[in-house]
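Colleague: based on what follows, work out the 3D shape:
(one chain, ligands or ions: 1)
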Amino acid sequence: MHQPDQPLHDFSVEGDASLAKVLIVTAVEAERDAVLAGLGGDERFVVVAGGVGPAAVAAGTARALMNGVYSRVISAGIAGGFAGLAAVGSLVVASRMVAADLGSDSPEGFISVDELGFGSSIIPAEDTVSASLAGALERAGLQACLAPIVTVSTTTGTLAGAQALAARVPGAAAEGMEGFGVAEAARQFGLPALELRAISNAVGPRDRGAWKIGEALGALRQASSILPEVFFA
Ligand SMILES: O=C(O)c1cccc(C(=O)CC[C@H]2O[C@@H](n3cnc4c(=O)[nH]cnc43)[C@H](O)[C@@H]2O)c1
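Modeller: Have a look, this model is predicted:
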């Protein structure tokens, strides 16, 4: 029987590793189009819109992985940024992907799935490559940081919620809804994962009208133009 902590398939590349592509998974088509525009038709990357939220995107990622040969998977898109750590229009590269609401609430507070003994809510990002990506973005003149990125099923919409999340995941710079789902699918295929987010709004009191989606998609497009030199130099 399959053990969930073991890869489901061995899709690692045998022979010519240069044939393996990088799979990039966004939530929605506008994000996919921004990534594709930045990549400028580079066929070493495949970009799919996998759906919003960790469940849809994990299924979408697994489906894509079944149909190709990949060396790694990147979750990419827009995100909320934590105050003082990631400003609107800046970029965050994940040091780890954290499923921040995967667990149980209790009168004593949140209990993570790790504490409950049902697995892990943290997937480390491919570390040297993530650091290289953050460095390359900065050298290209983009504002970028390397930090934990949280994945939630419900976006944070209050100041108290943002503060609680920042306390639960110290150093977290961005909040999205897909990173952990993409990383979990990649993990089950034995592949490393990364996450790249462009900040469209602050994590905190919900104000959808204030989201700078165009600015974030522009930053995502610019960041995507750096990816070939990082992954295929
Ligand atoms: O309306 C549009 O034109 C549009 C274009 C691109 C993307 C969107 C989205 O609504 C994407 C949803 C996606 O964004 C992530 N996100 C953004 N801000 C946050 C946040 O504060 N907390 C959590 N997630 C956030 C998330 O990953 C969603 O999947 C609209």
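
Colleague: what number of residues lie near Gly171?
Modeller: Using other Cβ atoms under 10 Å, Gly171 has 12 neighbouring residues. Bear in mind the C-beta positions are built from the backbone N, C-alpha and C, glycine included.

Colleague: now do it against Arg96, distance only.
Modeller: 10 Å (Cβ to Cβ, to the nearest Å).

Colleague: can you read off the pLDDT for the closest residue to the ligand within the chain?
Modeller: Closest approach of the chain to the ligand (Cβ to the nearest ligand atom) occurs at Gly80, with a separation of 2.3 Å. Predicted confidence (pLDDT) for Gly80: 98.

Colleague: in three-state terms, label it for me.
Modeller: strand (DSSP: H, G, I helix; E, B strand; the rest coil).

Colleague: wait, it touches Thr151, no?
Modeller: No. Assessed by Cβ atoms under 8 Å, Gly80 is found out of contact with Thr151, at 11.5 Å.

Colleague: neighbour count for those two, which is higher?
Modeller: Applying other Cβ under 10 Å to Gly80 and Thr151 shows that Thr151 carries more neighbours, namely 30 against 27.

Colleague: does the closest residue to that one other than its chain neighbours belong to a helix or a strand, and which?
Modeller: Spatial nearest neighbour of Thr151, excluding adjacent residues (Cβ to Cβ, 6 or more residues apart in numbering): Phe180 at 3.7 Å. Assigned by DSSP states H and E, Phe180 falls within helix 179-188.

Colleague: also Glu195?
Modeller: With DSSP H and E as the criterion, the answer for Glu195 is strand 193-202.

Colleague: that older thread, just give me the neighbour total for the residue nearest to Thr151.
Modeller: Neighbour count for Phe180, taken as other Cβ under 10 Å: 31.

Colleague: pLDDT score for it?
Modeller: Phe180 is given a pLDDT of 98.

Colleague: about what we covered before: counting by contacts, list what the helix holding Phe180 packs against.
Modeller: Counting contacts by 3 or more Cβ pairs under 8 Å, 6 or more residues apart in numbering; DSSP states H and E, helix 179-188 is packed against helix 54-66, strand 70-81, strand 91-99, strand 122-124, strand 144-151, strand 193-202.

Colleague: residues of this structure that sit close to the ligand?
Modeller: 27-28, 30-31, 52, 77-80, 152, 155, 175-178, 200-201, 203, 213 (Cβ under 6 Å from any ligand atom).

Colleague: low-confidence stretches in this protein?
Modeller: 1-18 (pLDDT under 70).

Colleague: torsion angles phi and psi at the nearest residue to Val150 once chain neighbours are set aside?
Modeller: With sequence-adjacent residues excluded and distances taken as Cβ to Cβ, 6+ apart, Val150 is closest to Ala100, at 3.9 Å. Main-chain torsions, Ala100, degrees, to the nearest 10: phi -80, psi -20.
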